Structures are given as structure tokens and as C-alpha cells.
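Peer 1: With the input below, show me the fold.
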Amino acid sequence: MSEPTPFSQGSGPAPGPNGLATRVSELEQELARARLSLKLLLTTLNSTDDGIMAVRFADGKTYSNTKFLEMWGTSAEPPGPAQAEQQMQRHAALTRDPERFIAKIRELQAHPELEDFDVIELNDGRTFERHVIPQRVDGKVVGVVINFRDITQQRRFEEKMVFNHLVVENAGPMLWLDARAGKVVYANKAACQHLGYTADELLGMDISVFDMDFSRDQSRAVRTALQETGRPVTFESRNRCKDGRVVDVEVTVFLARDDKRALNIASLKDITEQKRAAEAMGRQRATMRSLINSISDPIFYKDPHGRYLGCNEAFATAVGKPVGEIVGRTDAELLPPRLAEALRERDRGILSSLQTRRQEEWLTDHHGRRKLFETVNGPFWDEDGQLLGIMGMGRDVTERKQAEEAVRRAKEIAEEATRMKSDFLANMSHEIRTPMNAIIGMSHLALKTELTQRQRDYISKVQSSGQHLMGIIDDILDFSKVEAGKLDIEQADFELEKLLDNVANLLTEKSNAKGLELVFDIAPDVPPMLVGDSLRLGQILINFANNAVKFTEQGEIVVSARVKERSADGILLHFAVRDSGIGLTEEQVGRLFQSFQQADSSTTRRFGGTGLGLAISKKLAELMGGEVGVNSSFGKGSTFWFTARLGVSQLRRRELSLNPDLRGCRVLVVDDNDNARAVLHEMLETMRFSVSEASSGRAAVERVRNAAAGGHPFSLVYLDWRMPGMDGIETVRQIKALGLEREPRFIMVTAYGREEMLKETEAVGIGSVLVKPISASMLFDTTMAALGVEHFEQREAAPPAAAEATGRLAAISQARLLLVEDNDINQMVASEILRDAGFVVDIADNGQIALDMVARSRYDLVLMDMQMPVMDGIAATREIRRDARLHGLPIVAMTANAMQQDRDRCREAGMNDFLMKPINPEQLWDMLLKWIKPRSDAGAGAGSAEAPAGDPLDGIPGLDTATGLSRMMGKKPLYLSMLRRYVAGQPGVPDDIRQALAADDWGTAERLAHTAKGVSGTIAALQVEDQAALLEGLLRQRAPRPQIDEALAGYERGLRSLILHLEARLPAP
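Peer 2: You can find the predicted model right below:
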């Protein structure tokens, strides 16, 4: 079969002349287009940066573009296969591995159908990337195209990048930051270790997360400085690491950029230790400067050539020149010639012997006065033992020497005077003792005869006063023993209340005569039975109190006792006697507690006295391991105080505890004296009465009327006899005139004119009288006698609290309250009582949450617990009071701490009032009515409470179910629910306290005990409540661990016993 010719159409007829011309024209056009395409292709191939060589297998023909010839240093293409082979050999010789180069060519010649990729390194350092691409026509390989690309610069760049990466990774902490966003785009290994984050965690992190001093303004300032100067910027900052550590760093920032954005390269250098060292060095230098300048003796140091290196202010003063004018100069430039030469000679001797010299020297100061100095001068060296010069100091002993001589002479005179005084006291002793013994003996005999009660009281006081006075006289007459330190302190059991009764017997008549009120304020946690010297203790109290009465014309005298410290050996008691008298100036205070000294010379003439009392009191307090002091304001009064270390007696006095039926009994204290009223209130509350107060007779009448109208009348009213406006007698008449169905019993309280008062009280039918100052046992006995057993047997059951509250609280119903309490049981009790009474109640678990809630919502009143985690009530109240918008928001403290200091803390923080746990509904209503403003749209009140059913829990030791039910407003289901929650939540508390103590977390341990006390009080577990209260007090005082462990064990035993009984007796829910 023949192939067609260019001029034939296969087997068809040949074209005519016209058809041939057309075909020729078409072919010419196609050829022109092909040439144009070829030209464009050649131009393109020659313009590329890659070297290209094409090989046609059919004839071995090759084509190379200009770049290929340039890359391989070839001037022209090989005309034939032989020349191509020679060219290949020449190219191979240019490479670092010619054999590999040729082997690769042979492999491709053997397998032309394979596509290949290779990297060729040349001897001159260049690197080519070779890509072999087979060329196919109709599936058959007809040739290859070989592409060579010079990647030398790319390789170098990559190697440099790898090198730079290794450098950066192994350098110090370094961060790459987006200059504008302030976010991390890269962190090296050291930066991750420095900050404690992984690289993935740091990637994209905002710098403010770990840079404590970062600010947007600072960032802009750094960026501006980098752009304007082009130089690195260095500054100091602080980094907060992932684990919370704070590290001081020196930051150096470089400006850079990648293909996307501007970068800040931050190099971090940890300078924490460096800064600490610098700060320590600075503090050390400042301390040394301050220390040297604080020394009143002249100090100097000079170099071996006699040139001053430094000195203190005292030396500069002695020389008469500022420190700046002394440093750098010599003695010859500063002092008179003769003195300068003498000092120079002394210095030569020191430098020659290298020994320190101590001596007395007469020196002349810049005023020309000769003075005697004790001087110490010697060489000093650096750490390497290099001699630096001479250091010296001197002390002006001119006056001391003169004083020593004067003291020697005065001592001789004083010794003679002491001998004369001792002789005088010895001679007078018999004369004083004889009549005192007669007074004591005769009163003793008189007490054996038949006397009226009033006469016996008078004679008893005479005898008691005589015996005490005799003890004091014994000490005064033997004052030489005090001065010689030979006075012995006795250690014996005594009852503090009896000691105070003796003090009262001695002071009452004097204070009554001047119209002064005498108040005893003894904290409930002061042990009633103590071990120590009661005579010396009483002597100090009587001395202080006598002075208070002597220097006070009107007002009151308050004798107080507080526990200051507890230890395994006993306690440190703080006694104080406060008056409202003439007061003292600072100068007068400075002269007190010295023998034969009074505040000023006119005192003896005006008030009498020897001036020995305070000096003896000081000695006695020191002998009892304490100290004395006075706080005074001239014209306003003074507080004389002392401390004494005493033992706690193992003896027990009778318990002043109420029958369970009496607990919560309502009493009213009426007194215009705030201190007297507060002390009586605290004593009655400690006995578990429910106490209310009135500061005047009119207010008392109103309180009694309202209480009776509300269905919760007072059982007892304590009235001060003398009050302005309406005295106690008239107040009783007004109350009796109310015609109440259940009239309270009355106890008259008086500090003066007992005879007159007794007649008036009998006239109005008052059979019970208390004479101030009031002791706990006196109060208890008088109260029990006034109430009588019959009174309690006939007492009617109180109406349910919720029903009683309905009418009283109508004016403030629907008021919105915030209850801030961390304990869930207390939350339930308080919120249930309040909601049943018609209030809207929100709850916050701690002070921080309360701050957020009062900021968002409006409340009519806040009930604030004192001890809570996160933020306690005191701190929360202070924060609330800082907000001007909340100044008028009433805040009432709720706590199981009944101490006066706790109330003071609440008031100081800005709280309006104080409510003691366990919450008494009646007191709660009084508090809400007192502080919540009535609203016109207030609701009518709350629904009625459930009537209490029979109690299946009677007889459980330590659980007062009647009181517990009353605290739940008579709701038995609520009470049972609270008991179940108590059983579920309290068993682990002792172990929690132990864990807190093991971690030395005293605050948590105290808070846990405080909460346990409050929760136990809420359910009326009175024994466990007392045990928790004892434990809390010991924790607050940081008592010794054995004492705390003993109290904790007692609390745990009581708690376990109660829970066992409850588990056995609680009905199923």
C-alpha cells in the first residue's frame, strides 16, 4: 500500500489547477503559523531562568536554551551524538561526584520512559535541581526534556534558616510577637521553660496574659521607638509564669518582619535574683547609713593617708561641718594644727601596730569646749584582707563622769535616808496594828451576836474592809520588802466574783456619796475560779478604783476583765478601771508608777494620798507576770490597766444555768447608762435569756405595751432606780397602769441611796432589788427568786411565731432582704422563717457574692454573717460602705459570737445592728421593724405557722426540742428536716478541723468551729453548741495544741453521742 503524496487525496481523482493552488496557499499559511509558534516558543525558552535541553531520540538531535549553555559554560549545542557524549563527560567533570552524574545519565538512557528528579552539586559551590521529563507521541517515548534549575541561593537560605533556627532554639528566652496585635507567633524552647507554658499554649497568647506590666500605651511607645530609631529597645518588666511565680525580666525588643506582618522579637533575661541582690544591697547600704547616723556617738573612717572616706552626722556635728565638706579632706584641713597633729600621730601608731586602741582623750570641739571622750580606733580591711584605712568612734563622757560623781554622792545620801525610813516604819508598825486589830476583832465578835440583816450587812462590810485594809497596811509598813524585791506572791485557789464583791464593798459607799455609777464588766470567757494571789490582785484593783472615785466628780467607774492570752499553764488576764474624771496630760502620765509620786504637786493637797499606791501596784503586777499602764485624755477621763498571769483552778463553782424551760424567757433591761445596760444585757444573754433593752422609762413602758400586744410579753423587767425624765419607780407605776393580763415581775437596780429606794420599791410592790455593781451569781439568784418556780410551771405556751408576726410585720411585708450566710442549714432556717413571714429573700453564700448582688439589685436590708469563706462579713460590709449609693442600706450582723469586741468590730465596719445566733424570731422581727422603712404597698404579712405536734425526740441528751421548734416558728417538719441535715452534714467536722490545723490554717479551723457552734445552736443542741464555742475561743486565741486537742475531743464526743441518738430516734422522712 503506497503512501499518499502531497499532491494526492488517496485513491481519489487528482485536483484541478484551482484546487492545487488553494492547497498550496493553505500549507504556506500553516507553515508561517508554525514558524511563528516556534519563534515564540524559542523566545520563551530563552527568557526562562531554568536551563533546558531537549533530546530527540530519532536522530540524536539536541536543543539547549541560552540559560542551559550559560549554566554549564557551553558555547554551542553538540552537532551530533558523539559530541553530545563528549559534552556529557565535560559536564560530569564539573560536578562533585562525576561517577554518580554519568551513572544517572546511563540509567536514563536505559530507561527513557522514566521521569527523574535529582540534585547536582558542582565543584564551584553551585547546586542544580535536575528534572527529566519523557516526551511521548501516540504513547511512544520519542525524546526527553531535561530542566536544570539553579537552587544555590535557595539552598544557602535554607541552610541559614536551619542554622538560625538552631541558634534561636538554643538561645535564651525569646518570643516573636505580632507588632500590632501583641500576640505570640513563635516561642523558643527557653521561653517555654521560662514561662512554664508549652509552645502550643503560647502560640496566639496575648502578651498581657503573662506580662504583668504590659499596657497598650507601653506597647505603642515601644513600637514608636523601634520605628523612629531602628535600634533595639530595652526595659524591665515582670512575668507571671503559669505556676503563679512572678519573675523580674529585662526585655530587649528588635524590630523585624516576615512575609505577612511586622514583628517584635523580644529577648527575655531573668533578673529576679539580680534585682533581689541589688535591692538587698541597697537596703543594706541604706540600713547601714541609717544605723550609723542613728548612733549618737561620732563615727568616722579614713584611708591610710588620713583622708576621710565617710562619717556619720554626729561626727559632722562635732567637727562643725557638713558631711560633704569632710569627705575627701584630712585632719590638717579640718582641725586646729595641734589637734590635727596629735590625731595624725595616733593614726601612725595604729597603722604601724595594726592594733585597735581604746582610750580616754580630751578633745576640743569647734566651739572651743574641751570634752572627755572614750574612743575606739583601729584598722579595717576588705574581704581580701587589703588594708583600707582606720575606723574610729568616740563617746562624749564628760557629763557621765560628772553624773557618776553626783550619783555616788546621792547614793550615800539615799542610803542614809532609807535607813531612817525603815527605822520609822518599824517604829510605827506597832502603833498602827493595835487599833486595826481591835477593829477587826470587835467586828468579828459583833457578828456572833443577834443582828438584823441590815446590821449584819454593815458589820460584815466593816470586817471585810478592815481585813483588806490590814493586808494593805502590812505591805505599806513593810515597803522595804517591795524595794528589796522580797515580796512573795501566793498561789491559791480563789473565786474572782468574791474578790470583786470585796472591791465593791469597799467602793460602793464612796461612789454613792459622789453620785457615781460603779459597773463591773467581766467577759463571759473569764474563768470564775482562778489560782493566784487574790489579796495582791484585789489590792491593785482597789488602788486603781479608789483613785478613779477620788478623781471623778460625775459619771461612772467601769471595772473590766478580759482574757488576753491562754496557755497550757494558765491565762493572762487584762484588768482595767475606766473613769470619766479629770484625766491626765502626757507629762503627768510620765511621772506615774514611781514611788512617792502623784500626777502633780497639787494632787496631794486636793485629794490626799501618799503617792505609794501606783508604785506598789506596778511592782505587784510585775511579780504576777504582768505589767501596768494608763490611757488618758486630759479633762475626759483615764483608764488604768494591768495584766496578771493566773492559773485556772480545778475547783468548780455552782453552775449559773437555767432550767431548759426558762431558756429564751423574755426580759427587758431599762437603764439610761449605756455601759451598765450593755453589761447587764450580756450577763443575761449568757444565762440564755432573750434580752431586749430600753434607755429610758418611757421607752420601757412602750416596749412592755408592744410586747404584750404582740403576744410575747416580758416575764421580767430590770429597772434602774434613778433615770432622767422618768425614774424606775414611776416606770413601774406606768407599766402597772397598763392593766396587762400577764404583768411582768420587776427587779429594781440601784447604785445609790439604798435606804430611800427600799421604801419606795416596797410601796409599789417590788420585792427584788439588785445593788450595783452586779455580779453574775447575784444577778442569777435575784432573778430566780423574782421569777419563782411557780411562775414557770404556770407559764402558757407561746403562740406560733409566724402567726404573731402577721400583724406586727404588715407594714414591711414583701420587703426584699439579702441573707448572706455560708452554712446551708442556717440558710434554710433563716430563709424559711423570713419567707413565712412574708419577706422576699435572696441568698448569698459569701461576702463576695453579696457585693455583686447589692450592686445589681435593690434591697431593703442585708442580714450578714460575720465568718465566711472567700470574703467575711466585716470585709464585705466595708466594701459596701465604700459605695456612696449604698450608705443608707441597713446591714445587720448575724453571729454566734456574743462578745462585746465582736459587736464593736461590726459597728466599726459600718453595720447598723447586731443579731446573735441562734436566731430568735422575736428579736429578728424587732430588728427588721427597727431598720426597714414601712412601704405603702406592703403586703399584709405571712401565713400562719403549723401547730407543733408531739415531739418524738423527747429525752435525747443535750437536745432542747422545745427551743429548737420555737426557732423553726413551730414548724415540726422543718425542724425534723434540719435535724436530718445536721446528721448528714456534721459528722465530718472534727476531722475537717484537724486537717486545717495540720495545714496550719488556723483561720479555717476557727471558721469551722464557729459554723459548728451556730448550726448546733440553731437546732438547740445546747451541749454541743457550748463545746463548739469553747473550741472556737481556743482557736481564736491560738491556744496550745494540747488544750485545743482536748476541747476538740470533747466536742467530737458530744457530737457523736447526739448523732447516734438522732439516727436512732429520727422518724423516716
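Peer 1: can you list the domain ranges for this structure.
Peer 2: Domain assignment for the chain, taken from automatic domain parsing, gives 18-46, 48-154, 171-276, 295-396, 488-648, 666-793, 797-943, 946-1069.
Peer 1: what about the fourth one, start to end distance?
Peer 2: So that's domain 295-396. Taking Cα to Cα, to the nearest Å, the first and last residues of domain 295-396 lie 12 Å apart.
Peer 1: Not counting the helix or strand harbouring V559 itself, show me its contacts.
Peer 2: In this structure, V559 sits in strand 556-567 according to DSSP states H and E. Residues outside strand 556-567 that contact it (Cβ atoms under 8 Å, 6 or more residues apart in numbering) are 496, 500, 503, 507, 511, 516-523, 525-526, 541, 545, 548-549, 571-580, 643, 673, 675-676, 773, 1034, 1037, 1039-1040, 1043. C-betas here are computed from N, CA, C, even on glycine.
Peer 1: go with 7 Å
Peer 2: If you take Cβ atoms under 7 Å, 6 or more residues apart in numbering as the criterion, strand 556-567 is touched by 511, 516-523, 525-526, 541, 545, 548-549, 571-580, 643, 673, 675, 1034, 1037, 1039-1040, 1043.
Peer 1: Check which helices and strands the following helix or strand past it sits against.
Peer 2: Using DSSP H and E, the next helix or strand after strand 556-567 towards the C-terminus is strand 570-579. Contacts defined by 3 or more Cβ pairs under 7 Å, 6 or more residues apart in numbering; DSSP states H and E place strand 570-579 against helix 534-550, strand 556-567, strand 637-648.
Peer 1: re the thing from before, now the domains of the chain as CSV including mean neighbour count and mean pLDDT?
Peer 2: CSV is the format used below for the domains of the chain (neighbours: other Cβ atoms under 10 Å; pLDDT from 0 to 100):
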stretch, mean neighbour count, mean pLDDT
domain 18-46, 11, 71
domain 48-154, 15, 83
domain 171-276, 16, 85
domain 295-396, 15, 88
domain 488-648, 18, 81
domain 666-793, 18, 83
domain 797-943, 19, 79
domain 946-1069, 19, 82
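Peer 1: To K411, which of the ones you listed lies closest?
Peer 2: Closest to K411 of those is domain 488-648 (Cβ to Cβ; 16.1 Å).
Peer 1: and the angle for the strand holding V559 with helix 534-550?
Peer 2: For strand 556-567 against helix 534-550, the angle by axes from the mean of the first three to the mean of the last three Cα atoms, to 10 degrees is 150 degrees.
Peer 1: Kindly export strand 556-567 (C-alpha atoms) in CSV.
Peer 2: In CSV, the C-alpha atoms belonging to strand 556-567 read as follows (Å, rounded to 0.1, in the frame of the first residue of the first chain):
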residue,chain,number,x,y,z
GLU,A,556,-19.2,56.3,136.1
ILE,A,557,-16.4,53.9,137.1
VAL,A,558,-16.1,50.7,134.9
VAL,A,559,-14.1,47.8,136.2
SER,A,560,-13.5,45.2,133.4
ALA,A,561,-11.7,41.9,133.0
ARG,A,562,-10.8,40.2,129.7
VAL,A,563,-8.8,37.2,128.7
LYS,A,564,-5.7,38.3,126.8
GLU,A,565,-3.9,35.0,126.3
ARG,A,566,-4.4,31.3,127.1
SER,A,567,-1.7,28.8,127.5
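Peer 1: In TSV: the domains of the chain, plus distance to T449.
Peer 2: As requested, these are arranged in TSV below (distance: least, Cβ to Cβ, whole Å):
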stretch	distance to T449
domain 18-46	147
domain 48-154	129
domain 171-276	83
domain 295-396	72
domain 488-648	21
domain 666-793	22
domain 797-943	45
domain 946-1069	46
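Peer 1: right, so of these, which gets closest to E450?
Peer 2: Closest of the domains of the chain to E450 is domain 666-793, at 21.3 Å (criterion: Cβ to Cβ).
Peer 1: The closest one: how far from the chain's middle?
Peer 2: Computed by Cα atoms, centre = their mean, to the nearest Å, the chain-centroid distance of domain 666-793 equals 43 Å.
Peer 1: what do you get for stretch 526-534?
Peer 2: So, by Cα atoms, centre = their mean, the centroid of stretch 526-534 is 35 Å from its chain's centroid.
Peer 1: swap in stretch 501-508?
Peer 2: Counting by Cα atoms, centre = their mean, stretch 501-508 comes out at 44 Å from the chain centroid.
Peer 1: Would you mind listing the outside residues contacting that stretch?
Peer 2: With Cβ under 7 Å, 6+ apart as the test, stretch 501-508 has contacts from K461, S464, S465, H468, L518, G538, L541, I542, A545, V549, P773, S775.
Peer 1: between those, which is nearest E821?
Peer 2: Closest to E821, out of all of these and judged by Cβ to Cβ, is S775, at 36.2 Å.
Peer 1: what residues are up against that closest one?
Peer 2: Contacts for S775 (Cβ under 7 Å, 6+ apart) come out as E497, L500, D501, F520.
Peer 1: coming back round to it: now, the most widely separated pair of the contacts of stretch 501-508?
Peer 2: V549 and S775 (18.9 Å).
Peer 1: for the stretch 51-200 of the chain, what spans make up the helices?
Peer 2: Remark: helices assigned in the stretch 51-200 of the chain by DSSP state H, counting those that start in this stretch are 66-72, 81-94, 98-110, 152-169, 189-195, 199-202.
Peer 1: Tell me the helix or strand right after the last one.
Peer 2: Per DSSP H and E, helix 199-202 leads on to helix 216-229 as the next helix or strand towards the C-terminus.
Peer 1: Only the C-alpha atoms, please, for that following helix, written as PDB.
Peer 2: C-alpha atoms of helix 216-229 as PDB (Å, rounded to 0.1, in the frame of the first residue of the first chain):
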ATOM      1  CA  ARG A 216      -1.400  49.300  75.300                       C
ATOM      2  CA  ASP A 217       0.300  52.600  75.900                       C
ATOM      3  CA  GLN A 218       3.600  50.900  76.600                       C
ATOM      4  CA  SER A 219       3.300  48.800  73.500                       C
ATOM      5  CA  ARG A 220       2.700  51.800  71.300                       C
ATOM      6  CA  ALA A 221       5.600  53.600  72.900                       C
ATOM      7  CA  VAL A 222       8.000  50.600  72.200                       C
ATOM      8  CA  ARG A 223       6.700  50.300  68.600                       C
ATOM      9  CA  THR A 224       7.200  54.000  68.000                       C
ATOM     10  CA  ALA A 225      10.800  54.000  69.400                       C
ATOM     11  CA  LEU A 226      11.700  51.000  67.300                       C
ATOM     12  CA  GLN A 227      10.300  52.600  64.100                       C
ATOM     13  CA  GLU A 228      11.900  56.000  64.800                       C
ATOM     14  CA  THR A 229      15.400  54.900  65.800                       C
END
